[in-house]
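Visitor: structure here, sequence nowhere to be found:
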């Protein structure tokens, strides 16, 4: 190392004072453009309707219902964002690439901030106070700074290249911008594609020119030995020399390329709040304020309204969620409605709402927009939000399976917004006749089958023991069956089997007989909030007549609403799914099942798995019965919906290209199993029809988990397929 040589570099690389003034003037203009867009969006969010559980800073209002919010802790949110957990969880390679880009750019932002702190703040302040310029940007600090932040630059470059390559060359369904709902007049997403390219190519050029000017500077300075710490730039400089770029040429190129780099960097900063790049700020914020309970506990409509009908009805978190969307398409790929050929893509739903909100608020979105020759959808003028901006068939296609919410890497909550829009359709009476009939049956008879309430306990006939009436006698467990387990002819025998198992095991249980009503989970998600509240009132009145310690149910849909929504209306009893009760019997040695030795697969019900995170318990029961479990390719949190949820079981699905239940059975067809095990009455009904449609009812038997349990405990016997 040469004596007397200061280990540092000139900040502006020798530019004139006039050039510096031009730079700072441009920087001021860019910051003005950036903060204009920034505050426009923040003001837009703050104009959103404030819900009971919403708070940017997690303050709790004394009027809030304690169980309506499950916001992640701040530290937990930071870890999730810092580790890119939500990006990585379903696509590891993409997650790693994004992690390199994410932390690489944070490193480069810190590098720029440190430089500005030294040159603009400390340097100017020291000259003003002492008349001398002080700087820490030299010596060991300078060497370490370059070594660390060159690594950040390389990480950002590698991550950007990998993600750019994927965007350009991948043929994944997720990255296909074809709409699920095709407007009659046609549409174009060319601007969206161009917006993607501007974003990734812009980042790539900024990084490449930044690394290149570093190499040119070192080459032009004659490769000072201490610049070996600037290892990436040093290597680039050596590469330039090998290409014949000497010191004089390097200095000349550096002089104009520096302005190219700075110009692109400043332009990108100005571009951020007006483009797709805004997600860099919106997405982490959305992850920090998301509420994990919102989907399983659908919020009430806006005060004084039946559902969403205007932009002022959206909450700040919903508006932020629209802007957080990166168009990664993961929700588009996993949506059972879109897969089945229905006109719903969660991605398109969010993008349409975002474009409509921006147009309504007069916030120009550069490039990242869809165009149509005829104004419709997000381009509609004075049309209705539910029906025109988002067409009614799109809203009715949703199964509320939560797959989109589960897989979204930026924490968007699609389902509650869909339900709020459905409420407006229901209020106007715009629904299918079959759905309207089901809701009328529930309103008048308390069940979707339209049967008399006196017939709810008809399934108990033929049992050789009486079922206790919990209204007359205290029981440990109140069994809330739900409509399908009570009325569907295919499921009555399964209800009898469960009753036999519980009776043989000495479990104290009873039912409400004709006082039970539909629990209302799907009624609420269809959008009939008034009917839902009426059902809650009727069921709570029935609970008050009965004497019990706990509730269990065979229906995951019922389980979800009793466990998560009824507590807001006063229910204070533990709620179990029957698979949990079977596990209790098995693992407390109340029963001693024999080993069945069967080869089976298991379907995770949406409302048991994704909604309530009960994945292991049914599997533990299956393993305890001595069965070999062959997992479905899509299982656990990634399970594929049967297609019945969100009221879809009451609607026409003849227009679908392939029903979700059929898609699921085809997935199981090649696993070499004898039994397709379910833990939901609706699943049993849907998949029993699906195996017939596929034509494999003789080789693959749909079976309820309690039927396996009964065989193993010799309560009943099954016939081999």
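Guide: Nice, thanks for sending it over. Since the model is a prediction, treat every value here as computed from it, not as a measurement.

Visitor: got the buried residues for the helix or strand bottoming out on mean pLDDT in the chain?
Guide: Using mean pLDDT, DSSP states H and E, helix 74-82 stands out as the lowest-scoring helix or strand of the chain, at a mean of 84. Using 16 or more other CB atoms under 10 Å as the test for burial, helix 74-82 gives 77, 80-81. Using the backbone N, CA and C atoms, a C-beta is placed for each residue, glycine as well.

Visitor: could you point out the helix or strand that follows it?
Guide: helix 85-88 (DSSP states H and E).

Visitor: on that earlier part again, and which of the buried residues of helix 74-82 is nearest residue 541?
Guide: Distance to residue 541 across the buried residues of helix 74-82 (CB to CB) is lowest for residue 77, with 40.6 Å.

Visitor: pLDDT of stretch 663-680, averaged?
Guide: For stretch 663-680, the mean pLDDT works out to 96.

Visitor: distance from the chain centre to that stretch, please.
Guide: Remark: stretch 663-680 is offset 26 Å from the chain centroid, using CA atoms, centre = their mean, to the nearest Å.

Visitor: how about the helices in the stretch 151-300 of the chain?
Guide: 190-220, 231-242, 247-271, 279-289 (DSSP state H, counting those that start in this stretch).

Visitor: got those as TSV, with mean pLDDT columns?
Guide: Compiled in TSV, the helices of the stretch 151-300 of the chain are given as follows (pLDDT from 0 to 100):
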stretch	mean pLDDT
helix 190-220	95
helix 231-242	96
helix 247-271	95
helix 279-289	95
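
Visitor: now these as a markdown table including distance to residue 378 and mean neighbour count?
Guide: A markdown table is the format used below for the helices of the stretch 151-300 of the chain (distance: least, CB to CB, whole Å; neighbours: other CB atoms under 10 Å):
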| stretch | distance to residue 378 | mean neighbour count |
| --- | --- | --- |
| helix 190-220 | 12 | 20 |
| helix 231-242 | 44 | 17 |
| helix 247-271 | 22 | 17 |
| helix 279-289 | 18 | 20 |
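
Visitor: nearest to residue 323, of these?
Guide: helix 279-289 (4.3 Å).

Visitor: ok, then the element right after that closest one?
Guide: Trace forward from helix 279-289 with DSSP H and E and the next one is helix 316-324.

Visitor: residues in contact with that following helix?
Guide: Contact partners of helix 316-324, identified using CB atoms under 8 Å, 6 or more residues apart in numbering, comprise 41, 44-46, 48-51, 54, 56, 278-279, 282-283, 285-286, 289-291, 350, 353-354, 357, 410-413, 417.

Visitor: if you set the cut-off to 7 Å instead, what comes out?
Guide: Residues lying outside helix 316-324 but in contact with it, judged by CB atoms under 7 Å, 6 or more residues apart in numbering, are 41, 44-46, 48, 54, 278-279, 282-283, 285-286, 289, 350, 353-354, 357, 410, 412-413, 417.

Visitor: repeat that for stretch 83-102.
Guide: Counting by CB under 7 Å, 6+ apart, 80, 155-156, 158-160, 162-163, 166, 287, 330, 407, 409, 411, 638 sit against stretch 83-102.

Visitor: go through that stretch and flag the buried ones.
Guide: For stretch 83-102, by 16+ other CB under 10 Å, it's 84, 86-88, 90-91, 94-102.

Visitor: which ones among those are found in helices?
Guide: If you go by DSSP state H, the buried residues of stretch 83-102 have 86-88, 94-102 in helices.

Visitor: could you say which helix or strand holds residue 141?
Guide: Using DSSP H and E, the element containing residue 141 is helix 139-169.

Visitor: who does that helix touch, helix- and strand-wise?
Guide: Judged by 3 or more CB pairs under 7 Å, 6 or more residues apart in numbering; DSSP states H and E, the packing partners of helix 139-169 are helix 92-116, helix 190-220, helix 231-242.

Visitor: out of the ones you listed, nearest to residue 578?
Guide: Residue 578 lies closest to helix 92-116 among the helices and strands packed on helix 139-169, at 35.4 Å (CB to CB).

Visitor: next, the angle helix 231-242 makes with the helix holding residue 141.
Guide: 70 degrees (axes from the mean of the first three to the mean of the last three CA atoms, to 10 degrees).

Visitor: in helix 139-169, what counts as buried?
Guide: 142-143, 145-146, 149-150, 152-164, 166-167.

Visitor: list phi and psi for residue 676.
Guide: Main-chain dihedrals, residue 676, degrees, to the nearest 10: phi -110, psi 100.

Visitor: excluding chain neighbours, what is closest to it?
Guide: residue 702 (4.9 Å; CB to CB, 6 or more residues apart in numbering).

Visitor: cool, and residue 625?
Guide: Residue 625 sits nearest to residue 712 (CB to CB, 6+ apart), 4.6 Å away.

Visitor: circling back to that earlier point, by contact count, what packs against the least confident helix or strand of the chain?
Guide: Using 3+ CB pairs under 7 Å, 6+ apart: helix 74-82 touches helix 279-289.

Visitor: what angle do the helix it packs on and helix 92-116 make?
Guide: Angle of helix 279-289 versus helix 92-116, following the same axes, to 10 degrees, is 110 degrees.

Visitor: and helix 279-289, what does it pack against?
Guide: Using 3+ CB pairs under 7 Å, 6+ apart: helix 279-289 touches helix 74-82, helix 316-324.

Visitor: of those, which is nearest residue 600?
Guide: Among those, the nearest to residue 600 by CB to CB is helix 74-82 (34.8 Å).

Visitor: between that closest one and helix 92-116, how many degrees?
Guide: Using the same axes, to 10 degrees: helix 74-82 against helix 92-116 is 100 degrees.

Visitor: list the contacts of residue 440.
Guide: Contacts of residue 440 (CB under 7 Å, 6+ apart): none.

Visitor: offset the numbering so it begins at 552, please.
Guide: Noted, 552 is the first residue going forward, which turns the last one into residue 991.

Visitor: quickly find the element holding it.
Guide: helix 984-996.

Visitor: residues in contact with the very next helix or strand once past that helix?
Guide: For helix 984-996, the following helix or strand on the C-terminal side (DSSP H and E) is strand 1019-1020. Residues from elsewhere that reach strand 1019-1020, judged by CB under 7 Å, 6+ apart: 1026, 1060-1061, 1064.

Visitor: with stretch 900-919 instead?
Guide: Residues contacting stretch 900-919 (CB under 7 Å, 6+ apart): 591-592, 595, 742-743, 745-746, 749, 822, 825-827, 862, 870, 873-874, 876, 878, 920-921, 928-929, 940-941, 945, 963, 965.

Visitor: quickly list what residue 1226 is bridged to.
Guide: residue 1151, residue 1252 (DSSP bridges).

Visitor: so it touches residue 1256, yeah?
Guide: No: look at residue 1226 against residue 1256 with CB atoms under 7 Å: they stay out of range, at 9.9 Å.

Visitor: and the helix holding residue 991, which residues are buried?
Guide: Buried residues in helix 984-996 (16+ other CB under 10 Å): 986, 989-990, 992-993, 996.

Visitor: now it: average pLDDT?
Guide: The average pLDDT for helix 984-996 rounds to 97.
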